[in-house]
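> predicted structure and sequence below. I'll ask about it afterward.
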Amino acid sequence: MKDKSLRTGQRLPEDEEDRQTQREVNQTVKKWGRATGYLGLALVISVGTWFFFFPGQALHRLWETWGRVLGVTSMCIFLLLLYAAATTFNQWLYGANLKRIDRDFANGRSDKWRG
């Protein structure tokens with residue numbers, strides 16, 4: 001059976017709720033995507049500065065103190081990057097599934113989602 005809003009041409013309150021939910025998911029994906037980008041940039045900069053601590057470079061004698069701190073900081077940034085990337089992906093997947101469910105219900109294929 002098709003949705004009532006398709007037969008009558010009117011919008012149901014659920015339609016506005018669905019659009020609001022999708023807007024919120026899109027905002028969340030943008031926020032976490034931006035955070036992922038910034039963390040990725042921070043990781044590249046942090047790892048790129050390791051070059052100055054390699055043997056033969058000017059700061060190699062400081063590796064025991066500052067180089068290790070930089071290494072631990074880079075690992076922490078990497079873990080944060082993984083968390084942000086996973087959260088971004090999960091939110092994006094949730095939004096894509098919401099759109100697919102809405103599309104299926106609009107086309108009258110709601111029996112696919114029933115248990």
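Sure thing, it's come through. Numbering: from 1, shown residues only.
> all helices of the chain, in order?
4-8, 13-48, 68-106 (DSSP state H).
> would you reformat those as TSV and include mean neighbour count?
In short, each C-beta sits where N, CA and C put it, glycine included. TSV is the format used below for these (neighbours: other CB atoms under 10 Å):
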stretch	mean neighbour count
helix 4-8	11
helix 13-48	14
helix 68-106	15
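> so can I have a markdown table of those showing distance to Leu59 and mean pLDDT?
Supplementary listing: these in a markdown table, determined by distance: least, CB to CB, whole Å; pLDDT from 0 to 100:
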| stretch | distance to Leu59 | mean pLDDT |
| --- | --- | --- |
| helix 4-8 | 66 | 55 |
| helix 13-48 | 13 | 91 |
| helix 68-106 | 10 | 91 |
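> those: which one's closest to His60?
helix 68-106 (12.8 Å; CB to CB).
> returning to that earlier point: dump the helices of the chain to CSV, plus distance to Gln57.
Below are the helices of the chain laid out as CSV (distance: least, CB to CB, whole Å):
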stretch, distance to Gln57
helix 4-8, 67
helix 13-48, 13
helix 68-106, 13
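> can you pull up the most central residue in this protein?
Centroid check for the chain by CA atoms, centre = their mean gives Thr88 as the closest residue, at 1.0 Å.
> give the closest residue to that residue in space, chain neighbours not counted.
Trp32 (4.1 Å; CB to CB, 6 or more residues apart in numbering).
> my guess is the one you found contacts Tyr83. True?
No - look at Trp32 against Tyr83 with CB atoms under 8 Å: they stay out of range, at 9.6 Å.
> residues touching Trp66, list them.
Phe53, Leu59 (CB atoms under 8 Å, 6 or more residues apart in numbering).
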